[in-house]
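Asks: Mind folding the following:
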Amino acid sequence: MNLKIYILLITSSFFLFSCKNLDKTKLSDKNGGTFVMAENNQVATLYPLSITSQVEGLVVSQIHESLVRLDSKTLEAIPGLAESWKTSKDGKTITFHLAKGAHFQNDKCYADGKGPEITSKDVKFSLENLATKTEFNYHFNTILKDRLVGANEYFNQKSTSISGIKIIDDYTFTLELANPNLSFLKLLANPSAAIINEIAFKAYGKDLKTGAGAFVYDISSTPDRMVLVKNPVYYLKDSSGCTLPYLDTVVVQIIPSIEDGLSLFENDKIDLINTLPSLRVKDVVEKNIKEFVSHPPKALLHREPEMLSQFYVFNTKQKPFDNVKVRQAINYAIDREKLVDNVLQGQAIGASIYGITPNTFNGYDIKKIKGYNLDIKKAKALLAESGFPDAKGFPEVRILVNSGNSRNSSVAVELQKQLKENLNINVNFESLPNVKKYELQMHGKGDIFRDAWVADFSSPESFLNLFIGEAVPADFETASFPNTSRYQNPNYDLYFKKGRDSNIKDTSYAYFMKAEQLLIDEAVIIPLWYEGSYRLLSNNVKGLRLNGMRYYDLTKTYKVK
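Replies: Below is the predicted model of the structure:
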């Protein structure tokens, strides 16, 4: 069967809707309904500064609101809480104008229970909080470090305020950048850069679950089923002046495995499955063929290249993986094409024989990165040069993978087999819940870790930022994020910074490519494949645009019968 004939082109359907007045509030006929999406990784935290996974970011971005949003089609910056902005001619000063009448969600932490209006003081507090050194703050280095003037000094407690923030009035402020920066606005759309209220933060600390987003965290939520309900005071309106969001409820259902989600989808209990296992795609289509070819179809099958790479991370501070030749030998001993063809059965867009960055950024040609093809002879020679001829004396390797998706174990089994056959290296892998696995990974408790990265914004920078060495702690007791490899190379950092700080795209990408080539030369990771997952969406869900970054704007999503 040719599966491609069933991957439907999604066309727009047009409906006539109107607004109706209810207590002076204009409600759209699109209002109502519950949208349920399946995820397979549990959430460890919903505190914006501590999130480390895509599903955590997904939930946080519904509860909270940032100065800037992303257009779900172009992934470019569009107004959020900041309704407009203007950049100075030298690109270093951005003047923002806040939307008037935008409020935080109603919550018991406020004296009258009503969320206060959002002003420039809330922006200042939020950015200072993001620049505060605590064990729970994982995102200062990504968003503000070396970018916002005065942020480094504030983080290192050499200043009591961030000099690059200037409040003009309640709704106007400026941010001064150290250098013109192509990515800064998109970084402000990151859920970790959400604008939070000082009163709410003092009441809840890292347990903060109230913000300014379109949906309110509901107390009925459990670790396996997060329930978000419509925020009645959300500031955005649609083009007809009707209140947003349309949906009454969003549910993020954590399922034991992606496969288990299929029966829930077939029984109309789930509206979206984000990652449909390739081994099941053909079965799903054949079993439900009527639902795919009916007019209109009941279900839609999406597939597109994603800004997502799958790879394994070496603990570069752990012997013998502190030896670059060991890491190179393992990379040369892996048949990635076989992995993609036999284990993934075509689900990947392609094997990662180049680098970590997927081929989804115009002007960034990953084929210029010299990576690793299967070369067993070279792999054995490198292992011998590292002091382990024929793997004699080489310790058993401990690989940690996250449970909840059968392909993670299938991939680990294949790599286990290949490394034994090609290098005589014994591998033992352990499958753990992602929260537990990532906790061990951040603290260097293992040899090699299964990992993946979805772009935070549409640039190679989002992937290469994972390996900046400056902030890597000296001890394993302190968590290292996002650089869980603990790789440190001043030349890598230099190339990365030059790429980050250039406001010319071609120049920026040229430096990023130098950094990525160095990363691959030193075999810090085992690149495996570039993601191209199948996603299954109920056709009664409208107004939801799926994209390669897995960025979900649910404000205008609605359901039809």
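Asks: what sits against Y138?
Replies: Residues near Y138 by CB atoms under 8 Å, 6 or more residues apart in numbering: 49-52, 192, 479, 481-482. For the C-beta atoms, the positions are set from N, CA and C on the backbone; glycine is no exception.
Asks: what's the nearest residue to L544 once chain neighbours are set aside in contact with, if anything?
Replies: Among residues not flanking L544 along the chain, T557 sits closest, at 4.5 Å (CB to CB, 6 or more residues apart in numbering). T557 sits next to 35, 245-247, 541-544 when contact means CB under 8 Å, 6+ apart.
Asks: just to revisit the earlier point, now intersect the contacts of Y138 with the helices, please.
Replies: Among the contacts of Y138, no member is found in helices (DSSP state H).
Asks: Which members of these are the farthest-apart pair?
Replies: Distance extremes for these: the farthest pair is S192 and A479 at 15.3 Å, using CB to CB.
Asks: Neighbour count: these two, which is higher?
Replies: S192 (24 against 18; other CB atoms under 10 Å).
Asks: Check the burial of S410 by counting its neighbours.
Replies: Each residue near S410 was counted by other CB under 10 Å, and the total is 16.
Asks: In what element of secondary structure is it found?
Replies: Assignment of secondary structure by DSSP states H and E places S410 within helix 406-423.
Asks: so what strands line up beside the next helix or strand after that helix?
Replies: Sequence order places strand 427-432 as the next helix or strand after helix 406-423, per DSSP H and E. Using DSSP bridges, strand 427-432 pairs in its sheet with strand 397-402 (parallel).
Asks: gap between the two ends of stretch 531-545?
Replies: The straight-line separation of the ends of stretch 531-545 (CA to CA, to the nearest Å) is 18 Å.
Asks: Could you shift the numbering so residue one becomes 534, and keep it that way?
Replies: OK, 534 is where the count begins now, so the last one is stretch 1064-1078.
Asks: list the buried ones in that stretch?
Replies: 1064-1072, 1074, 1076-1077 (16 or more other CB atoms under 10 Å).
Asks: With stretch 703-718 instead?
Replies: 704, 706-718.
Asks: what does stretch 750-768 give?
Replies: Buried positions in stretch 750-768, judged by neighbour count with 16+ other CB under 10 Å: 750, 754, 759-764, 767-768.
Asks: same deal with stretch 889-901?
Replies: Within stretch 889-901, the residues scored as buried using 16+ other CB under 10 Å are 889-891, 893-894, 897, 899.
Asks: what's the span of it, first residue to last?
Replies: Counting by CA to CA, you get 13 Å between the two ends of stretch 889-901.
Asks: What of stretch 1084-1091?
Replies: By CA to CA, the extent of stretch 1084-1091 from end to end equals 17 Å.
Asks: so how far is that stretch from its chain's centroid?
Replies: Computed by CA atoms, centre = their mean, to the nearest Å, the chain-centroid distance of stretch 1084-1091 equals 17 Å.
Asks: now do stretch 871-882
Replies: 23 Å.
Asks: correct me, but L741 touches A733?
Replies: Yes - with contact defined as CB atoms under 8 Å, L741 counts as touching A733 (6.1 Å).
Asks: more neighbours, the two?
Replies: L741 (24 against 21).
Asks: residue contacts, the more buried one?
Replies: Residues in contact with L741 (CB under 8 Å, 6+ apart) are 579-581, 729, 733-734.
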